[in-house]
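[1] Give me a model of this one.
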Amino acid sequence: MKDVDTTQVYPRDPRKTYGLMELVKGTRPTVGLDEDTVYAWPHLLVRELVIFLVVAACLLGAAFLIDAPLEEIANPNSPPNPAKAPWYFLGLQELVSYSAFVGGVLVPTVIVLGLMLVPYIDRKRVGIGVWFARERWLANGLFLTFLVVMVILIIIGMYFRGPNWGFVLPWEATTGH
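    Model prediction:
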């Protein structure tokens with residue numbers, strides 16, 4: 001096979017941030033990246049694995065040391081009043097209690113579509129990878145608003161709902177009056 005001049009086939013471009021393996025001459029598989037770049041393998045994946053193992057060990061330890069607040073065995077003849085969803089669905093159950101369509105279909109759809117559109121609305125390159133960067137106020141504000149609203153709805157569903165999903169104050173519900 002004839003020796004091919006690779007400088008003509010694959011000319012060097014200083015704006016290029018990628019490289020074709022085994023086709024670009026050099027010691028690194030990338031072209032034009034800064035020297036302080038850290039590759040995902042093995043550096044990032046090892047750090048993520050260590051964090052995963054620490055979190056899993058903490059959760060396992062908490063599971064062994066703290067008893068789960070389980071209720072009695074389910075009895076279909078005597079269901080609890082109110083029948084509450086798990087805490088992570090209480091915000092959605094609270095929304096559905098006001099309106100089935102609005103709370104169960106419209107609001108979750110708007111939230112999911114809004115969160116999907118954030119990368120297309122906020123296209124600034126500054127502040128990427130920085131926690132709570134002032135330049136990323138739109139993305140941070142949308143996420144914080146979503147989080148605060150869901151936490152408020154979960155707290156209302158958990159502590160302020162009594163029999164027949166009526167609104168009760170938590171300190172008055174335990175007095176038996």
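
[2] For stretch 109-128, buried residues please.
    By 16 or more other CB atoms under 10 Å, the buried positions in stretch 109-128 come out as Asp122, Gly127. Every residue, glycine included, has its C-beta placed from N, CA and C.

[3] Tabulate the CA atom coordinates of it in PDB.
    Output of stretch 109-128 as PDB, limited to C-alpha atoms (Å, rounded to 0.1, in the frame of the first residue of the first chain):
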ATOM      1  CA  THR A 109     -47.000  18.600  31.800                       C
ATOM      2  CA  VAL A 110     -46.100  22.300  32.000                       C
ATOM      3  CA  ILE A 111     -43.400  21.600  34.600                       C
ATOM      4  CA  VAL A 112     -41.800  18.800  32.600                       C
ATOM      5  CA  LEU A 113     -41.900  20.900  29.400                       C
ATOM      6  CA  GLY A 114     -40.600  23.900  31.200                       C
ATOM      7  CA  LEU A 115     -37.700  22.000  32.600                       C
ATOM      8  CA  MET A 116     -37.000  20.400  29.200                       C
ATOM      9  CA  LEU A 117     -36.900  23.900  27.600                       C
ATOM     10  CA  VAL A 118     -34.500  25.400  30.100                       C
ATOM     11  CA  PRO A 119     -31.400  24.400  28.100                       C
ATOM     12  CA  TYR A 120     -32.800  25.900  24.900                       C
ATOM     13  CA  ILE A 121     -33.900  29.200  26.600                       C
ATOM     14  CA  ASP A 122     -30.800  29.700  28.600                       C
ATOM     15  CA  ARG A 123     -28.000  29.300  26.100                       C
ATOM     16  CA  LYS A 124     -25.300  31.400  27.700                       C
ATOM     17  CA  ARG A 125     -21.800  29.800  27.900                       C
ATOM     18  CA  VAL A 126     -20.800  31.700  31.100                       C
ATOM     19  CA  GLY A 127     -21.400  30.100  34.400                       C
ATOM     20  CA  ILE A 128     -21.500  26.500  33.200                       C
END
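
[4] What lies in contact with that stretch?
    Ala133, Arg134, Glu135, Arg136, Leu138, Ala139, Leu142, Phe143, Phe146 (CB atoms under 8 Å, 6 or more residues apart in numbering).

[5] Mind giving me the ChimeraX select for the residues you listed, buried ones only?
    Remark: buried members of the contacts of stretch 109-128, expressed as a ChimeraX selection using 16+ other CB under 10 Å:
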select :136,139,142
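
[6] Any chance of TSV for the contacts of stretch 109-128, columns distance to Leu153 and secondary structure?
    Converted to TSV, the contacts of stretch 109-128 look like this (distance: CB to CB, whole Å; DSSP: H, G, I helix; E, B strand; the rest coil):
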residue	distance to Leu153	secondary structure
Ala133	28	coil
Arg134	28	helix
Glu135	30	helix
Arg136	25	helix
Leu138	23	helix
Ala139	22	helix
Leu142	17	helix
Phe143	16	helix
Phe146	11	helix
